[in-house]
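Colleague: Okay, sequence plus prediction incoming.
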Amino acid sequence: MVATATAAGCLPPPPPPPPRDLAAPARMVLTERWRDGGRLVIVDETGDRLAPLLVPGATAGGALAVDEHPAFSPDGRWLVFASNRERDDGRTSVWLAAARPDAVPVRLTAGASAEVDPTWAPTGEVVFASDRAGTFDLYRLPLAAGPDGPRPAGPPARLTDAATHELAPSLVGERLVLQQVDPARGASWIAERMADGALVALTDGPSDGAPALAPDGARLAYATVRTHPGGERDLDVVVRDARDREQVGLAVVGSDEGAPAWSADGRWLFATSIVRDADGGPLLASVVHVDTWRRPPRVRMLRDRAGAAPRLGPAVAPVELDQTTLLRNLDHGLGLRLARDELAEAEAAAAARRGRPAPPP
């Protein structure tokens, strides 16, 4: 499984930008880590935080909830996500909410099992991974329209039944791709579920994950460990077409890129970028994007002008994005330098309030 990470976990969130018109449904949602929890926030094409997506939530023990892995419905009106709300075991369930500010979420799955990586089938069902049968398998949950939004219309149907873990489903048309993990070897690769239920490997691994099919169903983005010309190894997002030819991906030397997500037109590829410290721990997590229609590709950052905050796991609504704004966003390197300065200033201010020196940058 491609892991996400937090950074500067004890900092409070920066102040919100000035109020904006939020009558339209959300266009982009991501997880913002703060204090000990993680909240879903609505952002615009610059990265400015517009509003929290959900009313605040808590675990069964009263701790701040972690809401993560959002995914838009095919019509853009709803999101599913994984959350440890109402649980006391640190595991997550699948939840659903309207794609509008301060939505009240509804839990879709129950029980002691862990449910992760929820997404949508083109026909409106929710597909997720669960360990309810031992290893993680994929399940499809039918939904039916109700007075307050979609609700489960029956029990989840099992889609995979292998000795491996099946995670991170991505569906476009008739295609279903996933991350397959061998727990004995610790290896992972990308596979496709065929019509007869068989799993066919699309990559060799051993460190491939987080697949995302482009809207045309022909291109596949996924995260993999690669070695750069200078000898550095990190996690990058690569894109392959239907002929298995590599196209423009998303790679930055010195940081890990994962959790790819496509825009509705297949032009923009978003991902989480995690910069690590000298000991390999997470220093800063941010959301970046690249224009796959342009050569050479330039990695740019979604940056909240109110101040840096650790962010990951972008979800993009099936709408046309503001391309001019995306092209004007800061290059990743400059955005990263500014974010580091902002986090260092926040750490220094927090340390001053506590009456002790700030840690070195």
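Modeller: Great, that's in hand. Residues are numbered from 1 along each chain as shown.

Colleague: Whatever helix or strand L79 lives in - contacts with which helices or strands?
Modeller: Using DSSP states H and E, L79 sits within strand 78-83. Other helices and strands packing on strand 78-83, by 3 or more Cβ pairs under 8 Å, 6 or more residues apart in numbering; DSSP states H and E, are strand 67-72, strand 93-98, strand 115-120, strand 126-133. All C-beta spots, glycine's among them, are computed from the backbone N, C-alpha and C.

Colleague: Which secondary structure elements does the second one sit against?
Modeller: This means strand 93-98. Applying 3+ Cβ pairs under 8 Å, 6+ apart, one finds that strand 93-98 contacts strand 78-83, strand 106-107, strand 115-120, strand 126-133.

Colleague: of all those strands, which lies closest to G313?
Modeller: Each of these was scored for nearness to G313 using Cβ to Cβ, and the closest is strand 78-83 (9.0 Å).

Colleague: tell me the angle of that closest one relative to strand 115-120?
Modeller: Calculated by axes from the mean of the first three to the mean of the last three Cα atoms, to 10 degrees, strand 78-83 forms an angle of 170 degrees with strand 115-120.

Colleague: Mean pLDDT, mean neighbour count and distance to L53 for the helices and strands packed on strand 78-83 - can I get that in a markdown table?
Modeller: Below are the helices and strands packed on strand 78-83 laid out as a markdown table (pLDDT from 0 to 100; neighbours: other Cβ atoms under 10 Å; distance: least, Cβ to Cβ, whole Å):
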| stretch | mean pLDDT | mean neighbour count | distance to L53 |
| --- | --- | --- | --- |
| strand 67-72 | 97 | 26 | 8 |
| strand 93-98 | 98 | 23 | 7 |
| strand 115-120 | 98 | 24 | 15 |
| strand 126-133 | 97 | 21 | 17 |
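
Colleague: Mind putting those into a markdown table with distance to L54?
Modeller: Shown next, in a markdown table, are the helices and strands packed on strand 78-83 (distance: least, Cβ to Cβ, whole Å):
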| stretch | distance to L54 |
| --- | --- |
| strand 67-72 | 6 |
| strand 93-98 | 6 |
| strand 115-120 | 15 |
| strand 126-133 | 17 |
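
Colleague: Of those strands, which is nearest A221?
Modeller: strand 115-120 (14.1 Å).

Colleague: before we move on, back to that, nearest approach to A317 belongs to which of the helices and strands packed on strand 78-83?
Modeller: For A317, the closest of the helices and strands packed on strand 78-83 is strand 67-72, at 4.8 Å, according to Cβ to Cβ.

Colleague: who does the closest one touch, helix- and strand-wise?
Modeller: Counting by 3+ Cβ pairs under 8 Å, 6+ apart, strand 67-72 packs on strand 28-34, strand 37-43, strand 78-83, strand 115-120, strand 311-316.

Colleague: Serialize those to JSON lines and add fields for distance to L159.
Modeller: Below are those laid out as JSON lines (distance: least, Cβ to Cβ, whole Å):
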{"stretch": "strand 28-34", "distance to L159": "25"}
{"stretch": "strand 37-43", "distance to L159": "26"}
{"stretch": "strand 78-83", "distance to L159": "16"}
{"stretch": "strand 115-120", "distance to L159": "12"}
{"stretch": "strand 311-316", "distance to L159": "22"}
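
Colleague: among the ones you listed, which is nearest A210?
Modeller: A210 sits nearest to strand 115-120 of all these, at 8.9 Å, using Cβ to Cβ.
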